[in-house]
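> missing the sequence, but the structure's below:
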């Protein structure tokens, strides 16, 4: 068992090109049962994966790729993929993990042992894959851990006006990653607007980060919810969500302080509808 309470079972195969069929079992955390559930839960992935190992500066690094059952292959530039960046022998597949993401016709760069690495090629017939190292500056992923400083980034607002994150320095910014297709995201919009109005005197600003490329639908949803805080939207907004912040759970929220540092993430439900205002009241400076 590893630190993620995980075990790998290998079922031997008597025919075909592969020696065994791996089944990864994960024991869920207790918080899966916090709403009254009992017994054991078996979570089945709808995907199959292939794995390989490469040594980078002496670190044994696992890489995992999504297997396309329809095409009987896997690809270096499409689908769920990950790398064991910290060398602990496991790929963290939790939401928004930097070790796990979805590639869309792109070479995803992972930071491994001080190197920016992407998967350059994948050949299932030979059972090999290759990686390439990128020069400094190629990796534009924005890291979002507690204590990280969010760099300045450009975006277009809902009206198509060019904006930048640096405009908000000196204010506390709650980043809300959402989409019009996401029911929980839409239900939160009125609560977010109320929080914005309640705490704006304490230097709070909310920046909506929606993933919709077309802004007409977004505008209607926001108008219906009475939202007045700024939005990153359209093509640049979609790129920020999926290519730079690489968000894969919706909604996702992060609170950034006046110096641009992340001081809270929505782990443990701190930004749920029931806890949003209490969390902001605790973290924001007192009002004048």
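Yep, that arrived. Just so it is clear, the structure is predicted and the values come from calculations on it, not from any experiment.
> all helices of the stretch 101-250 of the chain, in order?
In the stretch 101-250 of the chain, the helices defined using DSSP state H, counting those that start in this stretch lie at 183-199, 215-225, 234-239.
> the second one versus helix 183-199: what angle between them?
This means helix 215-225. Per axes from the mean of the first three to the mean of the last three CA atoms, to 10 degrees, the angle that helix 215-225 makes with helix 183-199 is 60 degrees.
> now do helix 215-225: distance to the chain's middle.
Remark: helix 215-225 is offset 24 Å from the chain centroid, using CA atoms, centre = their mean, to the nearest Å.
> report the buried residues of that helix.
Neighbour-count burial for helix 215-225, counted by 16 or more other CB atoms under 10 Å, picks out 215, 218, 219, 221, 222, 225. Where you see a C-beta, it was placed from the backbone N, CA and C, and this is true even at glycine.
> my guess is the first one contacts residue 236, does it?
No - with contact taken as CB atoms under 8 Å, residue 215 and residue 236 are classed as non-touching, separated by 10.9 Å.
> tally of neighbours for residue 270?
Neighbours of residue 270 under the rule other CB atoms under 10 Å: 17.
> tell me how far the closest residue to it other than its chain neighbours lies from residue 253.
By the measure of CB to CB, 6 or more residues apart in numbering, the closest residue to residue 270 outside its immediate chain neighbours is residue 279, 4.6 Å from it. According to CB to CB, to the nearest Å, residue 279 stands 10 Å off from residue 253.
> what does residue 177 give?
From residue 177 across to residue 253, the span is 7 Å (CB to CB).
> settle it for me: which of those two has more neighbours?
residue 177 (28 against 21).
> show me the contacts for the more buried one.
For residue 177, the contacting residues are 209, 210, 211, 241, 245, 247, 250, 251, 252, 253, by CB atoms under 8 Å, 6 or more residues apart in numbering.
> follow-up on the earlier one: what mean pLDDT does the helix or strand where the residue nearest to residue 270 lies have?
Using DSSP states H and E, residue 279 sits in helix 276-283. Averaged over helix 276-283, pLDDT sits at 96.
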